[in-house]
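Asks: Below are the sequence and a predicted model for it; my questions follow.
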Amino acid sequence: RPLALGRVDTITTDMAAIAVEDETSTARIRAFEVICSFPDGISESELKVNCRGQNDRQQSSSDNESNIDAIWKYRTSTNSSLFNGTKFRFKNVQVHNASSPPMLNLGVTDYKSFLGTNCAPNWQQLDPSNMASPLGNAAIVETEDERVVLLKRSGNVGEAPHTVVMPGGHPEPEMVGIRTIDDWEKKQRNADSDDDGFNDDICGELWDSMVREVVEETGIPRETLGEVLCIGFTRRVQNYRPDIIFFIKCTLSSDEVHRLYAEGPEHKSESTDLITMDRVEFMKQVIKKDSIDMPGCHRGGVELYCRFFAQGRE
């Protein structure tokens, strides 16, 4: 049942109910939808990006906007590791035909708005246009001995703690010069003829950020990672959470990956364990048996991996 937030001055009582909602939503958090699938995989040059202010989150009622601040205050008071930052807002991806590249339509939002809209107790009462919906990323990293690299999330993360996930995070607007919402608003006011260059930089960041996340979360060296292919977009039904999904082949064995993780990757605090699974068994356990506690946006990524694998990758 969605939990209604009251006035800002009663937020502490309402926020205490978040834990109850979280405990009752374990099954729902696994549900997913496939937004689009690229079973052959596409490279950076085969995706177009359109990032503009008209794709930003639309504000809703004053109560909901006030609750974003209140939720952020509560969440940061209970988890000191959380910090705000700009994120790319996913609006949609348009796939017209085989002769034209897919178009990814993005805006800019921030993590605070994500926790205060998509992850709010009353998220189901919000229209999708009022949600931050930051674009996350995740990668199927396959080792030389055909095992998939997974992580057990720690309790220090902002969403889906203690679940099993692929390496992932978010592409960062900061890497293309948008460090704050003020930066983004200034860019809108000073729009020039270099939008194509800006959008190309964003597309590059989609690919670069995925490699960064894998390196920072697992300790796998960048030079051991092969071509990065996008295999589609998914969304977790709960919280309306979108992800871009990639496939990356690694030249290391699973034993070497475990050794590197044990030495301590840069973002070790975000996970408590690294797991590798035979790729066929992995697909079976996640999709057919639903035996792995994995959030829906990543389960959707496994469905995309099944389609990619079925294209003759033996």
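Replies: Yes, it's here.
Asks: Mind jotting down where the strands sit in the chain?
Replies: 32-42, 48-51, 86-94, 103-110, 136-142, 147-153, 164-165, 168-169, 225-236, 241-250, 271-278 (DSSP state E).
Asks: want to try CSV for these, with distance to Gly197, mean neighbour count and mean pLDDT as columns?
Replies: For every residue, glycine as well, the C-beta is placed using N, CA and C. Converted to CSV, those look like this (distance: least, CB to CB, whole Å; neighbours: other CB atoms under 10 Å; pLDDT from 0 to 100):
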stretch, distance to Gly197, mean neighbour count, mean pLDDT
strand 32-42, 21, 17, 96
strand 48-51, 11, 20, 96
strand 86-94, 17, 22, 98
strand 103-110, 15, 22, 98
strand 136-142, 22, 25, 98
strand 147-153, 34, 21, 97
strand 164-165, 33, 21, 97
strand 168-169, 25, 20, 96
strand 225-236, 21, 22, 98
strand 241-250, 21, 25, 98
strand 271-278, 36, 17, 97
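Asks: which one of these lies closest to Cys119?
Replies: strand 241-250 (8.5 Å; CB to CB).
Asks: before we move on, back to that, figure out which of the strands of the chain is closest to Asn122.
Replies: When the strands of the chain are compared by CB to CB, strand 241-250 sits nearest Asn122, at 15.8 Å.
Asks: Let me see the ranges of the helices in this protein.
Replies: Applying DSSP state H to the chain gives helices spanning 11-15, 18-23, 62-78, 111-116, 181-189, 195-218, 254-262, 279-283, 296-309.
Asks: In CSV, list those along with mean neighbour count, distance to Asn239 and mean pLDDT.
Replies: As requested, those are exported to CSV (neighbours: other CB atoms under 10 Å; distance: least, CB to CB, whole Å; pLDDT from 0 to 100):
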stretch, mean neighbour count, distance to Asn239, mean pLDDT
helix 11-15, 16, 16, 33
helix 18-23, 13, 11, 38
helix 62-78, 16, 13, 91
helix 111-116, 24, 9, 95
helix 181-189, 14, 21, 92
helix 195-218, 19, 20, 96
helix 254-262, 17, 28, 98
helix 279-283, 16, 24, 97
helix 296-309, 24, 9, 97
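Asks: is it possible to export those to JSON lines including distance to Pro171?
Replies: What follows is the helices of the chain, written out as JSON lines (distance: least, CB to CB, whole Å):
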{"stretch": "helix 11-15", "distance to Pro171": "29"}
{"stretch": "helix 18-23", "distance to Pro171": "26"}
{"stretch": "helix 62-78", "distance to Pro171": "22"}
{"stretch": "helix 111-116", "distance to Pro171": "13"}
{"stretch": "helix 181-189", "distance to Pro171": "14"}
{"stretch": "helix 195-218", "distance to Pro171": "4"}
{"stretch": "helix 254-262", "distance to Pro171": "23"}
{"stretch": "helix 279-283", "distance to Pro171": "25"}
{"stretch": "helix 296-309", "distance to Pro171": "14"}
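Asks: And those: which comes nearest Gly232?
Replies: Among these, the nearest to Gly232 by CB to CB is helix 296-309 (4.2 Å).
Asks: from the middle of its chain, how far away would the closest one be?
Replies: Distance of helix 296-309 from its chain centroid, counting by CA atoms, centre = their mean, to the nearest Å, is 14 Å.
Asks: Check which helices and strands that helix sits against.
Replies: In terms of contacts (3 or more CB pairs under 8 Å, 6 or more residues apart in numbering; DSSP states H and E), helix 296-309 is packed against strand 32-42, strand 136-142, strand 225-236, strand 241-250, helix 279-283.
Asks: pLDDT score assigned to the closest residue to Glu217 other than its chain neighbours?
Replies: In space, and not counting its chain neighbours, Glu217 is closest to Pro167: 4.6 Å by CB to CB, 6 or more residues apart in numbering. According to the prediction, Pro167 has pLDDT 98.
Asks: What about Pro167? Give its phi and psi, please.
Replies: When quoted as degrees, to the nearest 10, the phi and psi of Pro167 stand at phi -60, psi 140.
Asks: any idea how far it is from Asn55?
Replies: 27 Å (CB to CB, to the nearest Å).
Asks: and what of Gly219?
Replies: 35 Å.
Asks: Please apply the same query to Thr117.
Replies: Distance from Thr117 to Asn55, by CB to CB: 15 Å.
Asks: got it, and Ser154?
Replies: 32 Å.
Asks: Who has more neighbours out of those two?
Replies: Asn55 (18 against 15; other CB atoms under 10 Å).
Asks: mind checking pLDDT for the more buried one?
Replies: With respect to pLDDT, Asn55 scores 97.
Asks: quick one: it and Val93 touch, right?
Replies: No: counting by CB atoms under 8 Å, Asn55 stays clear of Val93, with 11.6 Å between them.
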